[in-house]
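Visitor: Fold the stuff below for me.
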Amino acid sequence: MKSKTTLILLVITAAVFAYMFFYERKAPTTEEAKRQAQNVVNFSHDKIDGIVIQNGDDKIDIRRRDKKWRLETPIKDQADSSLIENLLLDLESWQKDATIPVKELEADKNKLNEYGLSKPKLRLKLRGHDAPPEILFGKDAALEGKMYVRLENSKETFLAAESIKKEIEKKPAEFRDRKLTDLITVQVSRVVLKTATGEMELQKKGDHWEITKPLRARGDDQKIADLIAQVTTARIQQFVADDRGDLHPYGLAEPHGSITLFAQDDKSASRTDSKSMSGSRRALLFTRCRKRSKRFLTPSLTTCGTGIWFASTQTFSTGLRSMRRAKAKPSSRAKRKTGQSPAARMRRQTRAKSAA
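Guide: This is a model prediction of the structure:
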């Protein structure tokens with residue numbers, strides 16, 4: 001009998017310890033619980049895989065795929081990941097400045113309409129595991145920098161900073177990634193340049209660059225690095241078309257040239273006229289924008305480009321400088337490999353005739 005009682009007590013004790021270990025360990029501390037209670041919404045950043053913004057009739061749908069944020073509606077393109085991540089961080093720390101009692105709202109049915117929350121124009125929905133309810137944005141409050149906010153199917157209304165509203169009240173194009181490429185300068189191991197004067201290929205060997213086409217020569221490491229940096233750090237100023245369409249207005253039907261960057265893991269060549277690109281390769285057709293384009297006006301130094309990647313073609317304007325400056329300058333080593341220059345041969349022939 002005693003053994004049975006002892007066994008039961010041991011089981012109860014083990015259950016209590018298991019509860020304390022698995023449940024109370026995950027329970028927030030008193031300070032953390034207070035902070036969460038003050039937050040407008042609570043969620044796990046890593047479990048959010050979608051954001052839907054409804055602004056009147058305009059809907060913006062952004063999804064996380066393969067650890068990258070992509071725009072799905074109204075346009076399909078890579079999204080600005082830093083902008084999205086900053087939005088989520090700001091939402092996590094977004095706190096209530098005041099709570100309007102439910103009794104006050106029930107006493108005056110017109111309050112929600114007065115706050116702009118009966119039929120809100122702006123809504124934000126997070127998608128993912130344990131995502132919070134949809135956030136409804138109302139009118140600006142009398143207090144500077146504050147606005148009325150409510151959660152879907154909630155009777156409570158809050159006063160909160162209007163910073164989140166400013167972050168999501170954007171046009172779809174403002175959520176697009178404006179980098180020409182995800183590559184950074186140090187990742188590029190090969191460059192192919194095509195211009196009206198011919199083709200040049202650059203290859204990185206160790207810490208130095210070599211020209212492999214149209215002749216073999218040592219490359220100027222600094223100038224090549226500067227050229228690559230122009231592409232990897234350039235920002236798209238304006239998207240003007242999301243498909244090939246008619247490229248004549250932009251001077252891209254017969255571009256001045258193209259540049260293709262290869263990362264170290266790219267083993268196959270890519271052409272700039274292909275309809276899709278894979279891996280880390282990026283192709284860019286470029287030319288000087290025409291100042292009197294019907295679609296848009298650009299400064300005289302702005303370059304028009306057609307980028308081909310992610311199985312899509314986009315035309316845009318960017319501040320990228322002309323690539324015409326990228327010319328091969330053979331070193332003395334190259335001259336030795338390709339023979340004497342015409343001037344040297346003429347001097348040699350003159351000396352031979354004089355000696356005769």
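
Visitor: Going by C-alpha atoms from here, please, whenever you check contacts or count neighbours.
Guide: Will do.

Visitor: Can you list the low-confidence ranges for this structure?
Guide: Applying pLDDT under 70 to the chain flags residues 1-4, 6-7, 9-11, 14-29, 243-244, 265-356.

Visitor: any idea how it splits into domains?
Guide: According to automatic domain parsing, the chain comprises the domains 36-175, 185-325.

Visitor: Ok, which of these comes nearest Thr5?
Guide: domain 36-175 (42.4 Å; Cα to Cα).

Visitor: related to what we said a few turns ago, need the domains of the chain in a markdown table with distance to Thr30 and mean neighbour count, can you?
Guide: A markdown table is the format used below for these (distance: least, Cα to Cα, whole Å; neighbours: other Cα atoms under 10 Å):
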| stretch | distance to Thr30 | mean neighbour count |
| --- | --- | --- |
| domain 36-175 | 10 | 16 |
| domain 185-325 | 46 | 17 |
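
Visitor: Let me have those in JSON lines, extended by distance to Ile12.
Guide: Shown next, in JSON lines, are the domains of the chain (distance: least, Cα to Cα, whole Å):
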{"stretch": "domain 36-175", "distance to Ile12": "32"}
{"stretch": "domain 185-325", "distance to Ile12": "57"}
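
Visitor: So what touches stretch 82-92?
Guide: With contact meaning Cα atoms under 8 Å, 6 or more residues apart in numbering, stretch 82-92 is reached by Asn39, Val41, Asn42, Phe43, His45, Trp69, Ile164, Glu167, Phe175.

Visitor: related to what we said a few turns ago, how about the domains of the chain, which one is nearest Thr13?
Guide: Minimum separation from Thr13 across the domains of the chain (Cα to Cα) falls at domain 36-175, 31.9 Å.

Visitor: Run through who's touching the host helix or strand of Arg150.
Guide: Arg150 belongs to strand 146-151 when assigned by DSSP states H and E. Applying Cα under 8 Å, 6+ apart, the contact partners of strand 146-151 are 115-117, 133-141, 156-162.

Visitor: how about 6 Å then?
Guide: By Cα atoms under 6 Å, 6 or more residues apart in numbering, the surrounding residues in contact with strand 146-151 are 133-141, 157-162.

Visitor: sorry, back to before: could I get the contacts of stretch 82-92 as a markdown table with secondary structure and distance to Leu202?
Guide: Below are the contacts of stretch 82-92 laid out as a markdown table (DSSP: H, G, I helix; E, B strand; the rest coil; distance: Cα to Cα, whole Å):
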| residue | secondary structure | distance to Leu202 |
| --- | --- | --- |
| Asn39 | strand | 54 |
| Val41 | coil | 52 |
| Asn42 | coil | 51 |
| Phe43 | coil | 48 |
| His45 | helix | 42 |
| Trp69 | strand | 32 |
| Ile164 | helix | 46 |
| Glu167 | helix | 42 |
| Phe175 | helix | 34 |
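
Visitor: where along the stretch 101-250 of the chain do the strands fall?
Guide: Taking DSSP state E, counting those that start in this stretch, the strands of the stretch 101-250 of the chain run over residues 122-128, 135-140, 146-151, 157-161, 188-195, 198-205, 208-213, 217-218, 236-241.

Visitor: end to end, how far does stretch 54-71 reach?
Guide: 14 Å (Cα to Cα, to the nearest Å).

Visitor: beta partners of the nearest residue to Ile100 once chain neighbours are set aside?
Guide: Distances taken as Cα to Cα, 6 or more residues apart in numbering place Thr157 nearest to Ile100, at 5.4 Å, with adjacent residues excluded. Here Thr157 sits in beta bridges with Ile100, Arg150, going by DSSP bridges.

Visitor: quick revisit: just flag the most distant two among the contacts of strand 146-151.
Guide: Pro133 and Ala141 (22.3 Å).

Visitor: Tell me what the closest residue in space to Lys165 that isn't next to it in sequence is bridged to.
Guide: Sequence neighbours aside, Phe137 is the residue nearest to Lys165 in space, at 7.3 Å (criterion: Cα to Cα, 6+ apart). As for beta bridges, Phe137 partners with Leu122, Val149 under DSSP bridges.

Visitor: Phe137 touches Leu122, doesn't it?
Guide: Yes: using Cα atoms under 6 Å, Phe137 is in contact with Leu122, at 5.5 Å.

Visitor: would you turn the strands of the stretch 101-250 of the chain into TSV with distance to Leu261?
Guide: TSV is the format used below for the strands of the stretch 101-250 of the chain (distance: least, Cα to Cα, whole Å):
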stretch	distance to Leu261
strand 122-128	36
strand 135-140	43
strand 146-151	47
strand 157-161	44
strand 188-195	5
strand 198-205	10
strand 208-213	14
strand 217-218	19
strand 236-241	17
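
Visitor: what's the closest of these to Pro74?
Guide: Closest to Pro74 of the strands of the stretch 101-250 of the chain is strand 236-241 (Cα to Cα; 13.9 Å).
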